[in-house]
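Enquirer: Next come a sequence and a model predicted from it.
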Amino acid sequence: MTARRNFKRQVRARAAKTGESYTSALRHFRPTPPGDVMPEANNPKSLRLAVAQTPLRDDPRDIEALRQSGREVRALMRDASAQGARVVHFPEGAICFPDKLVLSVDGPETVGPADWDRCQWPVLQTELAAIAELARELRLWTVMASAHRLTGPNRPHNSLYVISDRGEVVTRYDERRLSKTKVSYMYSPGTAPVTFDVDGVRFGCLLGMEIHYPELFAEYEKLKVDCVLFSTTGVSPGNAAAQAQGHAAVNSYWVSFSVPAQHSATAPSGIVAPNGDWLERCSADGSSSIAVVDLDDSSEAAAESVTHARPWRREARAGIHTERQVTDPRSEDRTAAF
């Protein structure tokens, strides 16, 4: 560990002296062999991302609460824009996370099938439209969670809307791995991963309890995303935050972790680098806030993961080990002597 720290110190010292990025300075110490140039090193990417945390409100019948959530979301959008963000990412329930007992036809003491007619859909749609309009005014890509209404009697999806800097919904991710309560009583599950690109940076979306499904994060690595946007209401937030770090490190991409402000004392929203380190986190005092990070391939937190670990893992998964397997009697005999 000491040798590794000394090595990084030398790289940083050269970068400070020459004005190079950390990645460029790293190549001085460990040059890439001819003919073995990593593709990510030739196409550096950079984009400023803001992740938000907002108060959780759980009664979709409460018109004023829905409107207050919309105002708070738009205030954070303006804050993100003022700090130069290109994309802002909000938690599950940013406008409302409908409570299972509030909607239950057997409630308020017993969980039962959700009566979605109790939801103030016109107010919710008005707030989402206002958010889309502000995204257009600010030229700010906005990733916003909400229930997505389907044709009756189908239950809605639990979704992430991707609103472009033109104020248009360009795609929508629907949660696929729902909790038992969600899938039994409240929502229709989604069917597919969703990606979108902004300024050459590719994003994937996950939602709710999907932090517990590593195969979904691996799926996005195969789709060559640079960052996964994960929104949740909490799912044991401390544990979920640790899992976000693990998924980022294992897949060598950024993970944006967005949760309600109520969880900020133990697990505030934040952004994890491809090496598994937290780069920035929101306030830990329960308030609405954002954290802003440059997703930069040349940063120290990303350089080794993006330019070396990620390409090598893709090459390994593509079959390089299978191609080099050998047939040998001493390999086949598992009881062969030393």
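Expert: Everything's here; your move.
Enquirer: In a helix, residue 248, correct?
Expert: Yes: according to DSSP: H, G, I helix; E, B strand; the rest coil, the state of residue 248 is that of a helix.
Enquirer: going on from the helix or strand encompassing residue 255, what's the next piece of helix or strand?
Expert: Element membership for residue 255 (DSSP states H and E) is strand 254-258. Toward the C-terminus, strand 254-258 is succeeded by strand 270-272 as the next helix or strand (DSSP H and E).
Enquirer: Direction included, what does that next one pair up with?
Expert: Strand pairing for strand 270-272, using DSSP bridges, gives strand 254-258 (antiparallel), strand 278-281 (antiparallel).
Enquirer: Output the below-cut-off pLDDT ranges for the stretch 101-250 of the chain.
Expert: Residue ranges of the stretch 101-250 of the chain with pLDDT under 70: 235, 237-238.
Enquirer: just the helices in it please.
Expert: For the stretch 101-250 of the chain, the helices defined by DSSP state H, counting those that start in this stretch occupy 121-138, 180-181, 214-222, 237-251.
Enquirer: Helix or strand for residue 294, just tell me which one.
Expert: Short version, using DSSP H and E: residue 294 is in strand 289-296.
Enquirer: still on that earlier bit, dump the helices of the stretch 101-250 of the chain into TSV; add mean neighbour count and distance to residue 65 as well.
Expert: The way it works is simple: take the backbone N, C-alpha and C, and place the C-beta from them, glycine included. Formatted as TSV, these follow (neighbours: other CB atoms under 10 Å; distance: least, CB to CB, whole Å):
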stretch	mean neighbour count	distance to residue 65
helix 121-138	17	10
helix 180-181	10	22
helix 214-222	17	31
helix 237-251	19	22
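Enquirer: Tell me which of the ones you listed sits nearest to residue 168.
Expert: Set against residue 168 and scored by CB to CB, these come closest in helix 121-138, at 7.3 Å.
Enquirer: helices or strands up against that closest one?
Expert: Counting contacts by 3 or more CB pairs under 8 Å, 6 or more residues apart in numbering; DSSP states H and E, helix 121-138 is packed against helix 63-82, strand 141-148, strand 157-163.
Enquirer: Residue 278 is nearest to which of those?
Expert: Checking these against residue 278 by CB to CB gives helix 63-82 as the closest, at 18.6 Å.
Enquirer: in its sheet, what does the helix or strand following the closest one sit against?
Expert: Scanning forward in sequence from helix 63-82 by DSSP H and E, the next helix or strand is strand 87-89. Strand 87-89 pairs in its sheet with strand 46-53 (parallel), strand 141-148 (parallel), by DSSP bridges.
Enquirer: Surely residue 109 is in contact with residue 102?
Expert: No: look at residue 109 against residue 102 with CB atoms under 8 Å: they stay out of range, at 11.8 Å.
Enquirer: Which residue of these two possesses the greater neighbour count?
Expert: residue 102 (18 against 7; other CB atoms under 10 Å).
Enquirer: Now for the more buried one: which residues touch it?
Expert: Contacts for residue 102 were tallied using CB atoms under 8 Å, 6 or more residues apart in numbering; they are 58, 59, 60, 61, 108, 118.
Enquirer: tell me the two of these that are most distant?
Expert: Among those, 60 and 108 lie farthest apart (CB to CB), at 14.0 Å.
Enquirer: what's the nearest residue to residue 194 if we skip its chain neighbours?
Expert: residue 173 (4.1 Å; CB to CB, 6 or more residues apart in numbering).
Enquirer: pretty sure that neighbour contacts residue 158?
Expert: No: using CB under 8 Å, residue 173 is not in contact with residue 158, being 9.6 Å away.
Enquirer: hey, what's in contact with both of these two?
Expert: Common contacts of residue 173 and residue 158 (CB under 8 Å, 6+ apart): residue 207.
Enquirer: picking up where we left off before, generate a markdown table for the helices and strands packed on helix 121-138, with mean neighbour count as supplementary columns.
Expert: As requested, these are exported to a markdown table (neighbours: other CB atoms under 10 Å):
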| stretch | mean neighbour count |
| --- | --- |
| helix 63-82 | 17 |
| strand 141-148 | 24 |
| strand 157-163 | 24 |
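Enquirer: Return the set of residues that bridge with the most centrally placed residue in the chain.
Expert: With distances taken as CA atoms, centre = their mean, residue 229 lies nearest the centre of the chain, 1.7 Å away. When bridges are called by DSSP bridges, residue 229 pairs up with residue 205, residue 256.
Enquirer: Could you do residue 169 as well?
Expert: Note on residue 169: beta-bridge partners residue 163, judged by DSSP bridges.
Enquirer: which residues does it contact?
Expert: If a contact means CB under 8 Å, 6+ apart, then residue 169 has 132, 161, 162, 163 as its contacts.
Enquirer: Chain neighbours aside, what residue packs nearest to the second one?
Expert: Among residues not flanking residue 161 along the chain, residue 144 sits closest, at 4.9 Å (CB to CB, 6+ apart).
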